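Novice: here's a sequence, model it:
(2 chains)
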Amino acid sequence: NAGVMQNPRHLVRRRGQEARLRCSPMKGHSHVYWYRQLPEEGLKFMVYLQKENIIDESGMPKERFSAEFPKEGPSILRIQQVVRGDSAAYFCASSPKLYRDHNEQFFGPGTRLTVL
Amino acid sequence: DAKTTQPPSMDCAEGRAANLPCNHSTISGNEYVYWYRQIHSQGPQYIIHGLKNNETNEMASLIITEDRKSSTLILPHATLRDTAVYYCIVRAGGSNYKLTFGKGTLLTVNP
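Specialist: Numbering: from 1, shown residues only, chains lettered A, B, ... in the order given. Modelled structure (predicted):
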């Protein structure tokens, strides 16, 4: 059973360009979470999605960032008009249905975005 | 979610037990203690979680004090591959899905 897959693993963009990060959850998982890790910091929650629905985007910056998880295909985190401060590691996690007491999230290897 | 406090770094000799402490004095009754680790340049990996009883799995043991204000993650026989940042996270059960990562403890296992 393949784990959570993310691509690309490394992405370099110039200021003003767009960045698209992809996440394929584990087989059978319908919940996807995106986290951002700035240099020397812990991971910060960004957004939680189920198929075709954004459940919680409270951790997403208000502008330039968007996320989707279509019925078919991977989840996409999109950053428009990137700035140097967007340079970070972006991790995706997935989980099966939400259990009452335990929700283990399985993380992907991350995408390291560098903005020049 | 309750706040956690961990030492920034610890060292351990290979083959010895690694005991990683975590304080969570404001934990409430429905909050679980989770441990994840992040090996350099990789995504976080779930280790173990517990509510009030001690827990053990193939990776580690989790000891939670009776008042639940602190816990200890034990790696019984640390190897060089256990060198990582270890995060202690307190989170409510049910549908609370956000993991709030602090700065964790950098455990260095030395040969």
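Novice: so which helix or strand takes in the residue nearest to the spatial centre of chain A?
Specialist: Centroid-nearest residue in chain A: residue A:34, 3.3 Å away (criterion: C-alpha atoms, centre = their mean). According to DSSP states H and E, residue A:34 maps onto strand A:31-37.
Novice: and the gap between the residue nearest to the centre of chain A and residue A:21?
Specialist: 8 Å (C-beta to C-beta, to the nearest Å). C-betas here are computed from N, CA, C, even on glycine.
Novice: where do the contact lists of those two overlap?
Specialist: Shared contacts of residue A:34 and residue A:21, defined by C-beta atoms under 8 Å, 6 or more residues apart in numbering or on different chains, are found at A:77, A:90, A:92.
Novice: helix or strand for the second one, which one?
Specialist: Per DSSP H and E, residue A:90 falls inside strand A:88-95.
Novice: list the strands paired with that strand, with their directions.
Specialist: Strand A:88-95 has the following sheet partners, assigned by DSSP bridges: strand A:31-37 (antiparallel), strand A:106-107 (antiparallel), strand A:111-115 (antiparallel).
Novice: what sits up against the second one?
Specialist: To tie it back to what came earlier, the one meant is strand A:106-107. Here strand A:106-107 has contacts from A:3-4, A:26, A:29, A:91-95, B:43-46, using C-beta under 8 Å, 6+ apart.
Novice: circling back: okay, the shared contacts of residue A:34 and residue A:21 in TSV with neighbour count next?
Specialist: Output for these, formatted as TSV (neighbours: other C-beta atoms under 10 Å in any protein chain shown):
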residue	neighbour count
A:77	27
A:90	23
A:92	30
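Novice: chain B: which of those is nearest?
Specialist: When the shared contacts of residue A:34 and residue A:21 are compared for distance to chain B (C-beta to the nearest C-beta), residue A:92 wins out at 8.2 Å.
Novice: residue contacts, the nearest residue in space to that closest one that is not next to it in sequence?
Specialist: Ranked by C-beta to C-beta, 6 or more residues apart in numbering or on different chains and with sequence neighbours excluded, the top spatial neighbour of residue A:92 is residue A:23, at 3.3 Å. By C-beta under 8 Å, 6+ apart, the contact list for residue A:23 reads A:4, A:5, A:6, A:32, A:34, A:74, A:75, A:76, A:77, A:92, A:94, A:108.
Novice: again, only this time at 10 Å
Specialist: A:4-7, A:32-34, A:49, A:67, A:69, A:74-77, A:90-94, A:108, A:110-111 (C-beta atoms under 10 Å, 6 or more residues apart in numbering or on different chains).
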